Structure formats: structure tokens, C-alpha cells
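A.B. asks: Quick check, what structure comes out for this input:
(chains A and B)
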There are 2 protein chains.
Amino acid sequence: MTVRVDLNLSLDGVVAPADQTPENPMGADWGRLVEVYIGTRTMRERVLHETTGEGTAGVDDRYAAAYFDGVGAEIMGAGMFGFHAFPDDPDWRGWWGDEPPFRAPVMVLTHRERPPIEFSNGTRFEFLAATPEDALARAREYTEGDIRVGGGASVVRDFLAAGLVDRLHVAISPIVLGRGARLWDDLRELEREYAVTSEVAESGVVHVTFAR
Amino acid sequence: MTVRVDLNLSLDGVVAPADQTPENPMGADWGRLVEVYIGTRTMRERVLHETTGEGTAGVDDRYAAAYFDGVGAEIMGAGMFGFHAFPDDPDWRGWWGDEPPFRAPVMVLTHRERPPIEFSNGTRFEFLAATPEDALARAREYTEGDIRVGGGASVVRDFLAAGLVDRLHVAISPIVLGRGARLWDDLRELEREYAVTSEVAESGVVHVTFAR
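C.D. replies: Sure thing, here's the model as predicted:
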């Protein structure tokens, strides 16, 4: 029952959450960050709902497949869900259309009071104001599997700083963004609690994993 | 006649120049950043003057050997030379003792007026106040070989921002420092002018190279 984080980063540590679609309005930087990852066979099927078997195989796709493997519940911030981009839309249901890729309960950390939103594929967004510890406790009520902390950067940093993350995987694209939310700020010596391994994909993306 | 940069970075992009010794007073962070690199066979011989053949071989040592290969002149900032740490010492001769590893002319960018310092191994420190372009022109008077811009971070960023660097190699240690001078700031889309390749060493250090 691992608590996991998987993120796409630039060389300068700018974060993009890994499970949104290229169609969403997050700007050109976001598209460039996730370009390789979203091009994998797994992500094209799972996120873009393509069924033609297109997309890349290899190292990136191995990580993309692992992204979904064994995750029984997810936690994300209000910004990742889209509340910051669409603050005035009472019917906002997230970026992901009618088939969000989570297929599991998702705790959205927000002070807004909203009823849960359920999708036929098993995704269920639940809205709560909670500390990292309490959000994890709530997620554990739903699953004996892994729990992912999806993003964004500040939410992930909170969970890392609290020592609650068992495995952190970052897919670093060899690009410099120079602006945006950075993951590593205030996480000095994070590596002390983990074994760190790295692997370069055929695409040039560097996958770095911190594991307990 | 390539203009080169080689630096050690943390995951969060904090810089250490690669050619100083563990004995120097740059603090524990610096020691951790260059630990692997300074442990290579090449660096132990060239920088620490060990002659016993100790040190690691493999990918890190291949980059360490390339660090010195073909470099005919060097440019560095006043901080890297040590003027910021020892501002009041008129006899300061750099961090490197009687056998600085450069064995070539070194242009030190400073407004201090000092006579050149020569060493028997071919190292010659020359002090000048110059723009990046003018410093390169001066270095080219000494060599038809490669010119390295050694550091620190702000000097390297100036040369990169001016489009003067042909090859940038960074050895990224899988540690988070969270403080110190960062390389990537203000270098948005640096990758556009380069082909970028990455390689993971046996040590876990990730070597990323930007080459024209």
C-alpha cells in the first residue's frame, strides 16, 4: 500500500501533472513537458481513448503503464482539478471529459463544498478540505492498493515534506522552461530517505525514481 | 575550436564548478555535489595529484577525462577563482595550490587589477575586466583548441545567454540542495539551439550534454 507520486518535470524542475490531455488549456509549456509521455501507447489509450495501438513503446511506455498499475485511489489539489482555471463554473467536472483516466476514487483538496461527481468508468471525485494525513486516511478507506498524490506541485511538496510519499517518480524532459511551479523548492536533502535510481529513455527523457 | 562548459549540478539545478578540490572551503554541499566526479581516476590524478591509479572508472571517468581533453584556455569568474571568499588577501593565488589542474592560460573576469600569476605546469592566471565576447577573443589569442568557461553559475549563464557556448555538459547528482546558485534561471528554451543527449553513470549521476 504505497503512496506514490509521478510527475513530468523540465530540467529546471518545473512541474506538469502527468495525467491531463494535450487538448486542455494549460498552455504550450505544458504540452511540451508531457509531449513524450502522452505519446506513449499506454497514455494514448488510457487518456486519449485511442484504440488503434498507436503510440511509442520502450522505456517511456513502461513508466506510463506503471503510472496506472495498482493505484486504487488518488489525491489531487484544487488547481489540478481545474478550480483555479474555472473558478466561476458551478458545473465544472474536471479536465478529462466523460472518461477520466483515474477509474478510482479521487480526493480533491479544496475548501469548496461540492457533491461528489461519479463517472461510469469508476472515477469518483470527492471534495474535501483536509490535511495531507487526513486526505490519505480518507483515501485508504477506499483501497488496499496504492494511493497516488497526483499534483500539482505545491500539493506534492506538502506530502513530500510531511514524509508521506513512499515512491516519487519524475520524468525529466531535456528542456528548460524557466517559469512555472518548481517541484524541488524547500525539499533539501529529500534523497536522504530514499534510494534513488535513474534511467534514460529512447526519447531522451530521464526517469528518476526515489523509492523507500 | 569549441567553447565548452562542464558543471556539476544537483537535481534542483544548483551549480558547483567541477575543477576544485574537496579540501577547499566551499562547504558540505559542494563536497556532496562533486563527490562522485572527484572520485574518478582522472580527477584524482589531475586535481588531487594521486599517482596510485585509484579512483573509479566507467562513465563518470569518461566524462572526467573529456573534461580536460583538448582545452587550450579557460575563462572563469572572480568568485570561482576565490576573490569573493578571500577579498582582502593581495597574495591570493586561487584554490588549487602549486599545481592548478588547468595547465593552460586562464582568464579571470574581475575588475581587480592584478599581475598575471604563472605556474610551472603551464597554468597562467590573467586578470581582466571584459565582456563575454572580449574574454573569448582574448582566450583565442592563446589557443586554437577548445576554450572552457569554467564557472561560476552567473558567468556561465552570461555566456549561454549570449549564445557563445557550443557544448554544455552537466553532471547531475541525484540530490536536492534547495539553496545555492542555480544554473537554469533565465535560460528558457536553451535547448532550441542544441541537440540534447543524456546518459546515466554507474554511480547514478546523470550526464546531460547540449551540443550544437
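A.B. asks: in chain A, what residue sits furthest out from the centroid?
C.D. replies: A:Thr52 (24.7 Å; Cα atoms, centre = their mean).
A.B. asks: Give me the phi and psi angles of that residue.
C.D. replies: phi -90, psi 0 (degrees, to the nearest 10).
A.B. asks: For chain A, which residues are neighbours of chain B?
C.D. replies: Selection of chain A residues close to chain B by Cβ under 8 Å from any Cβ of the partner chain yields A:11-13, A:174-179, A:182, A:184-191, A:196-200, A:204, A:206, A:208. Where you see a C-beta, it was placed from the backbone N, CA and C, and this is true even at glycine.
A.B. asks: which SSE is A:Leu7 in?
C.D. replies: Per DSSP states H and E, A:Leu7 falls inside strand A:3-10.
A.B. asks: Not counting that strand itself, show me its contacts.
C.D. replies: The contact list for strand A:3-10 (Cβ atoms under 8 Å, 6 or more residues apart in numbering or on different chains) reads A:15-18, A:33-34, A:37, A:63, A:67, A:71, A:136, A:146-151, A:153, A:156, A:159-160, A:164-173, A:175-177, A:180, A:183.
A.B. asks: do stretch A:82-99 as well
C.D. replies: A:20-21, A:24-25, A:47, A:49, A:78-79, A:81, A:100, A:102, A:108, A:110, A:112, A:117, A:119-121, A:123, A:125.
A.B. asks: Likewise for stretch A:135-143?
C.D. replies: A:1, A:3, A:72-75, A:104-105, A:107, A:109, A:126, A:128, A:130, A:147, A:164.
A.B. asks: Over to the residue most central in space within chain A. Which of the three states is it?
C.D. replies: Centroid-nearest residue in chain A, with Cα atoms, centre = their mean: A:Gly150, separated by 3.2 Å. What DSSP: H, G, I helix; E, B strand; the rest coil gives for A:Gly150 is strand.
A.B. asks: what's around the residue nearest to it when sequence neighbours are not counted, how many residues?
C.D. replies: Leaving out its chain neighbours, the residue that sits closest to A:Gly150 by Cβ to Cβ, 6 or more residues apart in numbering or on different chains is A:Met76, at 4.1 Å. Counted with other Cβ atoms under 10 Å in any protein chain shown, the neighbours of A:Met76 add up to 26.
A.B. asks: Next, the contact list for A:Met76, please.
C.D. replies: A:17, A:106-109, A:149-152, A:155 are the contacts of A:Met76 under Cβ under 8 Å, 6+ apart.
A.B. asks: Closest to A:Ala57 out of these?
C.D. replies: Using Cβ to Cβ, A:Pro17 is the member of these that lies nearest A:Ala57, at 23.3 Å.
A.B. asks: What is the top helix by length along chain A packed up against?
C.D. replies: Looking across chain A with DSSP state H, the single longest helix is helix A:27-38. If contacts are counted by 3 or more Cβ pairs under 8 Å, 6 or more residues apart in numbering or on different chains; DSSP states H and E, helix A:27-38 sits against strand A:3-10, strand A:15-17, helix A:59-68, strand A:167-173.
A.B. asks: which stretch in those has the least confidence?
C.D. replies: Looking at those, the lowest mean pLDDT belongs to strand A:15-17 (a mean of 77).
A.B. asks: now the helices and strands packed on helix A:27-38 in TSV, with mean neighbour count?
C.D. replies: Listed next are these as TSV, based on neighbours: other Cβ atoms under 10 Å in any protein chain shown:
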stretch	mean neighbour count
strand A:3-10	23
strand A:15-17	25
helix A:59-68	20
strand A:167-173	23
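A.B. asks: before we move on, the earlier item: mean confidence score for the longest helix of chain A?
C.D. replies: 82.
A.B. asks: now that helix against strand A:3-10, angle please.
C.D. replies: Orientation check (axes from the mean of the first three to the mean of the last three Cα atoms, to 10 degrees): helix A:27-38 against strand A:3-10 gives 120 degrees.
A.B. asks: Extract the CA atoms of helix A:27-38 and return them as CSV.
C.D. replies: Output of helix A:27-38 as CSV, limited to C-alpha atoms (Å, rounded to 0.1, in the frame of the first residue of the first chain):
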residue,chain,number,x,y,z
GLY,A,27,-0.5,26.4,-22.5
ALA,A,28,2.3,25.5,-24.7
ASP,A,29,4.8,24.8,-21.9
TRP,A,30,2.6,22.0,-20.5
GLY,A,31,2.2,20.5,-23.9
ARG,A,32,6.0,20.4,-24.4
LEU,A,33,6.6,18.9,-21.0
VAL,A,34,4.2,15.9,-21.5
GLU,A,35,4.7,15.5,-25.2
VAL,A,36,6.8,12.4,-25.0
TYR,A,37,4.7,10.8,-22.2
ILE,A,38,1.4,11.5,-23.8
